[in-house]
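1. Quick one, fold the following:
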Amino acid sequence: MARIQLLGTGGTIASRSQGARGAVASDASSALADTQYGDISVRASDVLTIGSYRLDLADLRRIAEAAGQALADPDTDGVVVTHGTDTLEETAFLLDLVHASPKPVVVTGAQRTADSPDADGPRNVAEAVRAAADEHLRGAGALVCFNGTVRSARGARKVHTTAGSAFGGGTEVAHMAGGQLVVTATPRRYPPLPMPSTGFDTTRVEIITAYPGATPDLLDYAVQLGSRAVVLAGTGVGNAGPGFAEAVKRATGDGCIVVLSTRAQWGPVVPTYGDGGGIDLVAAGAIPSMDLNPFQARILTAVLLSYGKPRDEFPAVFGTYL
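-> Predicted structure coming up:
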């Protein structure tokens, strides 16, 4: 019998309507563990009970530490984390970065509240439990399971605000078919990083977005506020308008790390253009994020800063096009 540890953190899957107050996370994860999962044993405990839009980096580290402790338990074969969908992609990516065990960690949630007549949480949890118990997913790292599809945490992102199929991206590794989990791929694994220190909790990494008519004033202001790093969500393959290359040079000169990502939904950052574009941004000191979107690039940046990594080690970690 496979033994799965279910870690609750709140989110829509744990929320019920409070009338005029709106939906509020309130349910314990034990309600989900009471469900029958065939020959799979499920134990539940709660790390947090909160909407994921309220999470900070300290909360993400706390979830990662709880998952690590569960994985270290010899009586546990896999871990399921229930989480709000708003920031699930950030937590799942952190879990993947520090995942050193062959046992799967599967993150899931819900688009509809626990008291909704068509609640999707129980089914998502059942499928996540099945994925966490599947021996073919050992060594696959941290995964996101939602609406019958299991995908890698790296590259996953929320793509719809209300639809049941809330997530896209990453590598699809399995799907449900005829009530069975069909494993179709194994995601590429990267060497695991150490668990971030408590310095991760207060590491300030801002995200600045490029758009027509944008000025670099917010980037300058982020540096003035003491941000240790800024992720620039550029346009296209990693570009920004007039003044940004100069602002990047000022920021890096002041010791602030600038990571160049893209606001495009899919695809890597490939510095290609001059005249203030990606070529000039990189020449000014920006570090391309390769295929990481701005939100996951921010998590990796904060993790590296929590170790005290110098800037010259960042490009190798990001695997940049230089």
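2. Now stretch 71-90 - C-alpha only, CSV.
-> Taking Å, rounded to 0.1, in the frame of the first residue of the first chain, the C-alpha atoms of stretch 71-90 are listed here in CSV:
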residue,chain,number,x,y,z
LEU,A,71,9.7,13.3,2.2
ALA,A,72,12.4,12.4,4.8
ASP,A,73,9.8,10.2,6.6
PRO,A,74,10.5,6.6,5.7
ASP,A,75,6.8,5.9,6.1
THR,A,76,5.9,8.3,3.3
ASP,A,77,6.1,7.3,-0.4
GLY,A,78,5.0,10.7,-1.8
VAL,A,79,3.6,14.1,-0.9
VAL,A,80,0.6,16.1,-2.1
VAL,A,81,0.4,19.8,-1.3
THR,A,82,-3.0,21.5,-1.6
HIS,A,83,-2.6,25.2,-2.5
GLY,A,84,-4.4,28.2,-3.8
THR,A,85,-4.1,28.6,-7.6
ASP,A,86,-3.2,32.3,-7.6
THR,A,87,0.5,31.7,-6.7
LEU,A,88,0.7,27.9,-7.0
GLU,A,89,3.3,28.2,-9.7
GLU,A,90,5.7,30.0,-7.5
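3. Tell me which residues of it come out buried.
-> Across stretch 71-90, burial judged by 16 or more other Cβ atoms under 10 Å covers 71, 76-90. For the C-beta atoms, the positions are set from N, CA and C on the backbone; glycine is no exception.
4. Over to stretch 142-152?
-> Of the residues in stretch 142-152, those buried (16+ other Cβ under 10 Å) are 142-147, 149-152.
5. would TSV of those residues with pLDDT be doable?
-> Below are the buried residues of stretch 142-152 laid out as TSV (pLDDT from 0 to 100):
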residue	pLDDT
A142	98
L143	98
V144	98
C145	98
F146	98
N147	97
T149	98
V150	98
R151	98
S152	97
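6. taking those residues one by one, which sit in helices?
-> Under the assignment DSSP state H, the buried residues of stretch 142-152 contribute nothing to helices.
7. so which of these comes closest to T171?
-> Set against T171, the nearest of these by Cβ to Cβ is S152 (4.3 Å).
8. still on that earlier bit, want to try JSON lines for the buried residues of stretch 142-152, with distance to H175 as columns?
-> Listed next are the buried residues of stretch 142-152 as JSON lines, based on distance: Cβ to Cβ, whole Å:
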{"residue": "A142", "distance to H175": "18"}
{"residue": "L143", "distance to H175": "12"}
{"residue": "V144", "distance to H175": "13"}
{"residue": "C145", "distance to H175": "10"}
{"residue": "F146", "distance to H175": "11"}
{"residue": "N147", "distance to H175": "10"}
{"residue": "T149", "distance to H175": "5"}
{"residue": "V150", "distance to H175": "7"}
{"residue": "R151", "distance to H175": "9"}
{"residue": "S152", "distance to H175": "13"}
